[in-house]
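Novice: Got a sequence here, can you model it:
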Amino acid sequence: MAIGDKGGDAVRVKPKEKFDFFHDERVRSFFYQLLTAAFVGWFVWYLISNTAQNLEARGMNTGFGFLNVAAGFDTDFKLIAYEPGVGTYGRIFLIGALNTLYVSFLAIIASTILGFTIGVLRLSSNWLVSKVALAYVEIFRNTPLLIQIIFWYIGVFSLLPRVKNSMDLSGGAEVLLLNNRGLYTAWPVPGDLLWMTGATFIIAAIGVFVFRRWAQKRQDATGQIIPTFLPSVAMLIILPGIVYFITGTPLTWDIPKLEGFNFVGGASLPPAFLALLVALTIYHAAFLAETVRAGILSVSGGQHDAAKAIGLQKNRVMSLVIIPQAMPAIVPPMISLWMNTVKNSSLAIAIGYSDVVSLFMQTALNQAGYAIEMVGMTMAFYMFISLTISFFLNIYNKRVQLVER
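Specialist: Prediction:
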């Protein structure tokens, strides 16, 4: 009879487990991770302390005090005020970071729109359209980005007409001019009451959001499709427009005028910025187009047939049925693509655009030294931007993922 037998019912006693310190699951979940973290921390401390000792032995200064030292050079493109000899190296870093974010943001928006368009056209039933889209993808995707940047800078924008023969892209209004020195455009000068128009636009945007949510819920509940595009556009234009005219049109324009050998007034973008923006857009759009095409093809063909069977028009089938189901396959590669757009903007150093690498890690470093600090700050900047993009897009990715039952 087994131990603990009462009334003929045997009670099995679980044998006592032998504790093994090095193989116990509870130990592995804590001790080994702590050991790894300690090793990594020691390795980082060793690198920092060893580098500091070597720099001190060679009489080289260290630290970040140089950020408060006045920089003695100027830049041809900046989004914030800066004066040579007064502005600091810290402000130079900020100028370079803003220039990088500016061109990267525009390139991300433009490449996303262009990439989705080309990706859909790749699947067009029109033979010519699909082949032209295929040629676009194969040509620009298989050409190095650096070569494309140099091509647009030297082979296109540097060969534009001179200032006196500028191309008027505004159809004779002379408010958007393009020449070999860049793009010149009129710049708005806000008046005192313009804030009221802006506030009205924000209120209208909130109204559009609420209206579209209501229309979507109504469609889900009754199946009735309520047009939202035209009412939304009317709300965003008419309401702010009424306030704008009531307040006396509190907005004037600073128009560029030719004085001497260049234009004065307005706003301008240098050729290096334009070449970089075009190259980044075209190059990354080619990759995104293939991602979009693959995502669309991952959706079952029966979804398209079912959508047509219930009477949806062809364009609404793509926007309401196919694309939403393709997004789970599109978003993960798009995260990497957006991050690569920001990082690849550093190739601007080849054409002299004042991004954070060219302005801070090259020009400022040659004047002030502090190579380790400047390189480290530049690396931290790109890492922070990449992690930020990844964080927000991963949140969106979780929202569009399909939940299987």
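Novice: ok, the residue nearest to residue 170 when sequence neighbours are not counted - how many residues close by?
Specialist: With sequence-adjacent residues excluded and distances taken as CB to CB, 6 or more residues apart in numbering, residue 170 is closest to residue 176, at 4.1 Å. Yep, even glycine has a C-beta here, placed from its N, CA and C like the rest. The burial count assigned to residue 176 is 17, neighbours taken as other CB atoms under 10 Å.
Novice: Roughly how far does residue 176 sit from residue 185?
Specialist: 5 Å (CB to CB, to the nearest Å).
Novice: residue boundaries of the strands in the stretch 201-350 of the chain?
Specialist: Counting by DSSP state E, counting those that start in this stretch, the stretch 201-350 of the chain has strands at residues 251-254, 257-259, 262-264, 267-269.
Novice: JSON lines please, covering those strands and showing mean pLDDT and mean neighbour count.
Specialist: Compiled in JSON lines, the strands of the stretch 201-350 of the chain are given as follows (pLDDT from 0 to 100; neighbours: other CB atoms under 10 Å):
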{"stretch": "strand 251-254", "mean pLDDT": "86", "mean neighbour count": "13"}
{"stretch": "strand 257-259", "mean pLDDT": "84", "mean neighbour count": "12"}
{"stretch": "strand 262-264", "mean pLDDT": "83", "mean neighbour count": "15"}
{"stretch": "strand 267-269", "mean pLDDT": "87", "mean neighbour count": "16"}
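Novice: can you redo the ones you listed as JSON lines with distance to residue 311?
Specialist: Below are those laid out as JSON lines (distance: least, CB to CB, whole Å):
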{"stretch": "strand 251-254", "distance to residue 311": "46"}
{"stretch": "strand 257-259", "distance to residue 311": "57"}
{"stretch": "strand 262-264", "distance to residue 311": "55"}
{"stretch": "strand 267-269", "distance to residue 311": "47"}
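Novice: just so I know, which of the ones you listed lies nearest residue 359?
Specialist: Of all the strands of the stretch 201-350 of the chain, strand 267-269 sits nearest to residue 359, with 16.3 Å by CB to CB.
Novice: which residues sit against that closest one?
Specialist: 77, 181-187, 254, 256 (CB atoms under 8 Å, 6 or more residues apart in numbering).
Novice: Cross-reference the residues you listed with the helices and report the matches.
Specialist: Members of those lying in helices (criterion: DSSP state H): none.
Novice: Does residue 382 touch residue 343 like I think?
Specialist: Yes: using CB atoms under 8 Å, residue 382 is in contact with residue 343, at 5.8 Å.
Novice: okay, these two: which has more neighbours?
Specialist: Ranked by neighbour count (other CB under 10 Å), residue 382 and residue 343 place residue 382 first, with 18 against 15.
Novice: now the helix or strand that one falls within: how far from the chain's centre is it?
Specialist: Element membership of residue 382, judged by DSSP states H and E, is helix 371-400. Averaging C-alpha positions (CA atoms, centre = their mean, to the nearest Å) puts helix 371-400 11 Å from its chain's average.
Novice: Also stretch 344-358?
Specialist: When distances are taken as CA atoms, centre = their mean, stretch 344-358 is centred 16 Å away from the chain's centroid.
Novice: tell me which element residue 178 is part of?
Specialist: Using DSSP H and E, residue 178 falls in strand 176-179.
Novice: List the strands paired with that strand, with their directions.
Specialist: Here strand 176-179 is paired, per DSSP bridges, with strand 167-168 (antiparallel), strand 182-185 (antiparallel).
Novice: what does that strand rub up against?
Specialist: 160-163, 165-170, 183-186, 256, 263.
Novice: wait, which of the residues you listed is closest to residue 115?
Specialist: Using CB to CB, these come closest to residue 115 at residue 183, 23.4 Å.
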